[in-house]
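Visitor: sequence unavailable; structure follows:
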């Protein structure tokens, strides 16, 4: 069982470039999340999705877009990369919603550097 | 809003030492509390959790007790091993709030 997978593991972008961070889960979870972790800081929620076709903003959504066309996939799009987006990005999934004490399962992360 | 404050590291211990990682929280209502662990090169995984006051979560020799009177959820282990080297995150979820994480603490255990 692969759980939550993320690609790529590492990426260097130039300012203004765009890219998509991929996230896939094989646990049939309805909720999926994107977090970023800056050095010395906790994780901050960027976007989340409660199911296919439904997404909502988290704490720090500016500069990002998401889509959820299938239960399994939840890609994160950076349209115009900026140095402030240099971070480690984690995708996670869970079976029920954020109002429940369910477990979130995390991917291994993508380390992104914008120069 | 909700927030979590935890001990910041890094911390280095010798094998078999006692470990305490402090975590305090601010929240309205009755949040659920979590400890997540991130081993090198891997994603975060749930270590233990507690959903109401005085609950004790435990796993892999780690324990944490939900103390509402002190708004704390300190993580403890009596005898750490080299394999416990990781980054530990305290987190909470309360009401309609999303999962809120502390900054994480890196632990290194030397043989």
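Guide: Okay, I see it. The structure presented is a predicted model; accordingly, all values stated were derived computationally and were not measured.
Visitor: show the contacting residues for residue A:85.
Guide: A:36, A:63, A:78, A:112, A:114 (C-beta atoms under 8 Å, 6 or more residues apart in numbering or on different chains). Bear in mind the C-beta positions are built from the backbone N, C-alpha and C, glycine included.
Visitor: burial count for the second one?
Guide: Around residue A:63 there are 14 other residues, counting by other C-beta atoms under 10 Å in any protein chain shown.
Visitor: buried subset of the contacts of residue A:85 as a PyMOL selection?
Guide: Buried subset of the contacts of residue A:85, written as a PyMOL selection, criterion 16 or more other C-beta atoms under 10 Å in any protein chain shown:
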select buried, chain A and resi 36+78+112+114
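Visitor: need the contacts of residue A:85 in JSON lines with pLDDT, can you?
Guide: JSON lines is the format used below for the contacts of residue A:85 (pLDDT from 0 to 100):
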{"residue": "A:36", "pLDDT": "95"}
{"residue": "A:63", "pLDDT": "95"}
{"residue": "A:78", "pLDDT": "96"}
{"residue": "A:112", "pLDDT": "96"}
{"residue": "A:114", "pLDDT": "96"}
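Visitor: from the contacts of residue A:85, which land in strands?
Guide: A:36, A:78, A:112, A:114 (DSSP state E).
Visitor: tell me the contacts of the closest residue in space to the first one that isn't next to it in sequence?
Guide: The one in question is residue A:36. Among residues not flanking residue A:36 along the chain, residue A:87 sits closest, at 4.3 Å (C-beta to C-beta, 6 or more residues apart in numbering or on different chains). Going by C-beta under 8 Å, 6+ apart, residue A:87 touches A:36-38, A:112.
Visitor: in terms of distance to residue B:63, which of the residues you listed ranks first?
Guide: residue A:37 (25.8 Å; C-beta to C-beta).
Visitor: how many residues are close by residue A:34?
Guide: 27.
Visitor: might one say that it is in contact with residue A:55?
Guide: No - the pair residue A:34 / residue A:55 is not scored as a contact, 9.8 Å apart, by C-beta atoms under 8 Å.
Visitor: which neighbours do these two have in common?
Guide: Residues touching both residue A:34 and residue A:55 (C-beta under 8 Å, 6+ apart) are A:47-48, A:66.
Visitor: so which of those residues belong to strands?
Guide: Secondary structure defined by DSSP E assigns A:47-48, A:66 of those to strands.
Visitor: give me the subset of these touching chain B.
Guide: The overlap between these and the neighbours of chain B (C-beta under 8 Å from any C-beta of the partner chain) comes to residue A:48.
Visitor: one step back: let me know the closest of the ones in strands among the contacts of residue A:85 to residue B:47.
Guide: Residue B:47 has its nearest neighbour among these in residue A:36, at 21.6 Å by C-beta to C-beta.
Visitor: show the contacting residues for residue 82.
Guide: All of this refers to chain A. Applying C-beta under 8 Å, 6+ apart to residue A:82 gives the contacts A:15, A:63, A:114.
Visitor: oops, chain B please
Guide: Going by C-beta under 8 Å, 6+ apart, residue B:82 touches B:15, B:109-111.
Visitor: put the buried members of these into a ChimeraX selection.
Guide: Of the contacts of residue B:82, the buried ones go into a single ChimeraX selection, burial set by 16+ other C-beta under 10 Å:
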select /B:109
